[in-house]
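**Q** I would like the atomic coordinates for the input below:
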Amino acid sequence: MFYGIEAIVRKEFLQMLRHRRMRVMLFLPPVIQLIVFGYACNLDVDTVRIAWMDGDHTPQSRELLEAFTGSGRFFLNAVPQNEDDARALLDKAKVNAIVRVLPGFAEQILRGQNAQVQLLIDGTNPNSASLISSYATQVIARFSAKVAVTHQTTEAQARITSAGILSLRAPRVSSESRVWFNPELKSRNFFIPGVLNNILLVVTVTLTAMSIVREKEIGTMEQLMVTPIRPIELIIGKMIPAACVGLIDVLLITTAAVALFGVPFEGSGLLLFFCSLLFLLTGLGTGLLISTISQTQQQAALSAFLFATPAFMFSGFVFPIRNMPQVVQYVTYVNPLRYFLEIVRGIMLKGSGVGLLWPQMLMLLAYGAVIMGVSAARFRKRLD
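**A** Below is the predicted model of the structure:
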């Protein structure tokens, strides 16, 4: 049995690595996806171009402007003089937001009243608009706290001067927040672990399906059937090279993610390797199932695409599952990619171990065993 498997594995590696184009296609797409999601697909907003409309022209309004420009995120790009100029700036996307200080701003502050600041944000990109709104709110909140302390100190001094008594400072409630697992809120730390899932799925499904369908298309499947090699040996021999390529891609992507992009890796590399093996059962089994319904390599490639795309979209890689409709959320429970994504992010970002990840690992094992069993039984039946 082992001799037959060894022969098939050797044949597959030679077939796979014989052509330079095939060698490039095995390892170049993972690198390209890693670069795209590491650099191009970036949801972070580090630079916000603002326009400033000052309707008050007082030291207090200029202090608020200094609070924005001194934050390191906001950069003053324009000073529109009227509503038409402000609308043109947003229409032409020359600024991301307009901060408008209304007349009477300083007077309301000196009286201890609520002073209004209007913020107009380009909402073309909802994610960016939400972040800009959050950043601006933080700047205004810090400015408001500073103004409140100054106003309170001034009132206390006035009481000492007029009445000769010291007023105690009123108690204040302050909050301090900390972000765990991704303190800098970098989107690449969210995206890059998902690249590992996508690559492992596509590589294993496509290579397994294509390698078997290729035998049918060029007419060598009949030659294999008349050899002493049994169906189970043929199946295992076809899957081992695809599994090896997938694991090499796992190592490549993980190393590049940590060394090149600085993605944290808090957990165990051995646990990630073991979980990748569990997920390989699903990918290889799916590729084997596709090979039983495809007659040409084009059909196999299209079937792999039709399987991988919904699995990718419903995994929570880009769109949070909790934001999906309730019916779709139930559908995601039959998607193995969902569980593997939770495992990868848990290991890399949270340092989770088996004690936390065993439900996802158990689901991967169950799905992989079922898919592999059904696919292998159907494949052997077709050979018979």
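**Q** And the strands in the protein, which stretches?
**A** 48-54, 74-78, 97-101, 117-121 (DSSP state E).
**Q** so of those, which one's packed in deepest?
**A** Among the strands of the chain, strand 97-101 has the highest mean neighbour count (mean count of other Cβ atoms under 10 Å), at a mean of 22. (Each C-beta comes from the backbone N, C-alpha and C, glycine too.)
**Q** and that one, which strands flank it?
**A** strand 48-54 (parallel), strand 117-121 (antiparallel) (DSSP bridges).
**Q** Kindly reformat those as TSV containing distance to Y339.
**A** TSV is the format used below for these (distance: least, Cβ to Cβ, whole Å):
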stretch	distance to Y339
strand 48-54	37
strand 117-121	37
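**Q** so which of those gets nearest F190?
**A** In terms of Cβ to Cβ, the element of the strands paired with strand 97-101 nearest to F190 is strand 48-54, at 20.6 Å.
**Q** got the angle between that closest one and strand 74-78?
**A** Strand 48-54 runs at 60 degrees relative to strand 74-78, counting by axes from the mean of the first three to the mean of the last three Cα atoms, to 10 degrees.
**Q** Now do strand 48-54, average pLDDT.
**A** The average of the pLDDT scores along strand 48-54 is 91.
**Q** Dump the C-alpha coordinates for that strand into CSV.
**A** Below are the C-alpha coordinates for strand 48-54, written out as CSV (Å, rounded to 0.1, in the frame of the first residue of the first chain):
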residue,chain,number,x,y,z
VAL,A,48,-8.0,63.4,8.0
ARG,A,49,-8.2,66.5,5.8
ILE,A,50,-10.5,69.1,7.3
ALA,A,51,-11.8,72.6,6.4
TRP,A,52,-12.3,75.1,9.1
MET,A,53,-15.2,77.6,9.2
ASP,A,54,-14.8,80.0,12.1
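**Q** who's in contact with it?
**A** 61-62, 65, 68, 73-80, 86, 89, 94-101, 132, 135 (Cβ atoms under 8 Å, 6 or more residues apart in numbering).
**Q** got a list of what the residue lying closest to F279 once chain neighbours are set aside touches?
**A** With Cβ to Cβ, 6 or more residues apart in numbering as the criterion, F279 has its nearest non-adjacent residue at 4.5 Å, and that residue is F340. Neighbouring residues of F340 by Cβ under 8 Å, 6+ apart: N197, L200, C275, L278, F279, Q360, L364.
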